[in-house]
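Enquirer: what's the 3D shape of this:
(one chain, ligands or ions: 3)
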Amino acid sequence: MSHSIAVLPGDGIGPEITAPTLELLGELGDFTFTEHPFGGASIDVHGTALTDETLDACKRSDAVLLAAVGGPKWDTTDPSKPRPEQGLLGLRKQLGLFANLRPVRPVPALYDASALKREILDGTDLLVVRELTGGIYFGEKTRTATDASDLCHYTVAEVDRIARVAFDAARKRRNLVHSVDKANVLETSRQWRQVVHEVHGADYAEVQLEDQLVDSCAMELIARPTQFDVIVTENLFGDILSDAAAMLSGSLGMLPSASVGNPDGPGLFEPVHGSAPDIAGQGIANPLATFLSAAMLLRHGLGLEAEATAIEAAVDGALGDGLRTRDLGGTATTAEALDAVRRRLA
Ligand SMILES: NC(=O)c1ccc[n+]([C@@H]2O[C@H](COP(=O)([O-])OP(=O)(O)OC[C@H]3O[C@@H](n4cnc5c(N)ncnc54)[C@H](O)[C@@H]3O)[C@@H](O)[C@H]2O)c1
Ligand SMILES: CC(C)[C@H](C(=O)O)[C@@H](O)C(=O)O
Ligand SMILES: [Mg+2]
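Expert: Ligands and ions are numbered 1, 2, ... in the order given. Reported below is the predicted structural model:
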């Protein structure tokens, strides 16, 4: 049976890293890919970042693969103008994907590519569980000539369900959850902390739970990353902490993600990084975060565990053979990265 994958190449380096990812997937099974305009590319043609046609196509698919959206062409401070990023937020919301899983597992072969010492990195294996459809991203926004505001809002139900995703993940890992908030200042964080503890006490008492303030968590992530197993946090904190955590893996170009949570619809699989406009069009982008996102698509979206593991092992193997794109301190092009990983698949 052929699996249908809706493909959203998006903007900037998006198309350059999507094409090799589809080639790689093509080696592993029978997939039907359909590409759809999304983000800035969609604004240019349709005037909106997410059309009904693209949304419907995503809903009908078995899984959605996204590269990245955005870029200077569409940057605007005018709230009446469309932005590529609105399409991404709308897609996550409309698909009901409230849980964003961002694993960070530095590959030993890349320890030298990191600015951090080997002793700090060795043994790091953590998962950021980011709440994805609530918080300040989705609260009411206002703007007048003299002021602006973004409302941060969470319901108990939204916190409850993301907490369960984190505890369930921890049970399959090292049984430890750090719940990250700013409960010393924010009311939404005080509610977050209370609900996480209630869920824990009721159903997950055997999982170790630690509370951590987000500012010190940012420091601890870089200073002592091995202490973390699962980090669960709200939307904005998770966005920022996961880019910081990318430094553990050597480059933002290494981190994949899976956006899940709706059992009745497809998941969305996307690298953590953006459209990298500074290197777009040069054929030098690192495609590995998208390859690894495709692996998460196979595992979480289609239940193809062996194929997912094959991609991850091939990426590790290629890096062990010395594959280094420019962000990792080397000279390999995107095409050479595909060749190196494909050789390891065989
Ligand atoms: N999921 C998404 O679509 C997504 C995520 C983050 C940012 N964005 C958007 O991307 C645009 C650019 O944002 P930014 O510059 O802050 O972040 P970015 O992640 O695009 O780039 C940050 C830095 O990392 C480098 N980089 C990122 N991915 C790389 C890769 N695969 N290979 C090599 N180098 C890579 C870039 O060259 C740049 O120097 C913005 O419009 C932003 O809104 C989109
Ligand atoms: C592009 C932007 C809306 C997005 C986010 O903030 O969620 C990105 O930074 C990410 O991490 O996926
Ligand atoms: Mg981000």
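
Enquirer: wait, doesn't residue 39 sit right on residue 12?
Expert: No. Between residue 39 and residue 12 there is no contact under C-beta atoms under 8 Å: 9.1 Å. From N, CA and C alone the C-beta is placed, and that goes for glycine too.

Enquirer: what sits in contact with each of the two?
Expert: 68, 70, 275 (C-beta atoms under 8 Å, 6 or more residues apart in numbering).

Enquirer: Now do the phi/psi pair for the second one.
Expert: Comment: the main-chain dihedrals of residue 70 come out as phi 110, psi 170, following degrees, to the nearest 10.

Enquirer: Quick check: closest non-adjacent residue to the residue nearest to the spatial centre of the chain.
Expert: Here the mean C-alpha position of the chain is nearest to the C-alpha of residue 257 (C-alpha atoms, centre = their mean), at a distance of 3.1 Å. Using C-beta to C-beta, 6 or more residues apart in numbering and skipping residues adjacent in sequence, the residue nearest residue 257 is residue 102, 4.7 Å away.

Enquirer: Give me the number of neighbouring residues for residue 314.
Expert: The number of residues packed near residue 314 is 22, by other C-beta atoms under 10 Å.

Enquirer: distance of it from residue 295?
Expert: In this view, residue 314 and residue 295 are 9 Å apart by C-beta to C-beta, to the nearest Å.

Enquirer: residue of the stretch 201-346 of the chain with the smallest distance to ligand 2?
Expert: Using C-beta to the nearest ligand atom, the single residue of the stretch 201-346 of the chain nearest to ligand 2 is residue 239, 4.3 Å away.

Enquirer: How about the stretch 1-150 of the chain?
Expert: Per C-beta to the nearest ligand atom, residue 85 is where the stretch 1-150 of the chain lies closest to ligand 2, at 3.9 Å.

Enquirer: Those residues of the stretch 151-300 of the chain touching ligand 1, which are they?
Expert: Within the stretch 151-300 of the chain, the positions adjacent to ligand 1 are 252-253, 270, 273-279, 285-286, 289 by C-beta under 6 Å from any ligand atom.

Enquirer: Please repeat the previous calculation with a cut-off of 8 Å.
Expert: Residues of the stretch 151-300 of the chain lying near ligand 1 by C-beta under 8 Å from any ligand atom: 243, 251-253, 270-279, 284-290.

Enquirer: Out of the residues you listed, which sit inside helices?
Expert: Residues of those located in helices (DSSP state H): 243, 288, 289, 290.

Enquirer: The residue nearest to residue 257 falls within a helix, correct?
Expert: No. Applying DSSP: H, G, I helix; E, B strand; the rest coil, one finds residue 102 to be strand, outside a helix.

Enquirer: Please look at it and residue 272 and confirm they touch.
Expert: Yes. Using C-beta under 8 Å, residue 102 is in contact with residue 272, at 5.8 Å.

Enquirer: which residues do the two both contact?
Expert: 242, 255, 256, 257.

Enquirer: so, if you compare those residues, which one comes nearest to residue 43?
Expert: Using C-beta to C-beta, residue 257 comes nearest to residue 43 of the shared contacts of residue 102 and residue 272, at 23.4 Å.

Enquirer: which residues does the closest one contact?
Expert: Per C-beta under 8 Å, 6+ apart, neighbours of residue 257: 100, 101, 102, 242, 269, 270, 271, 272, 293, 296.
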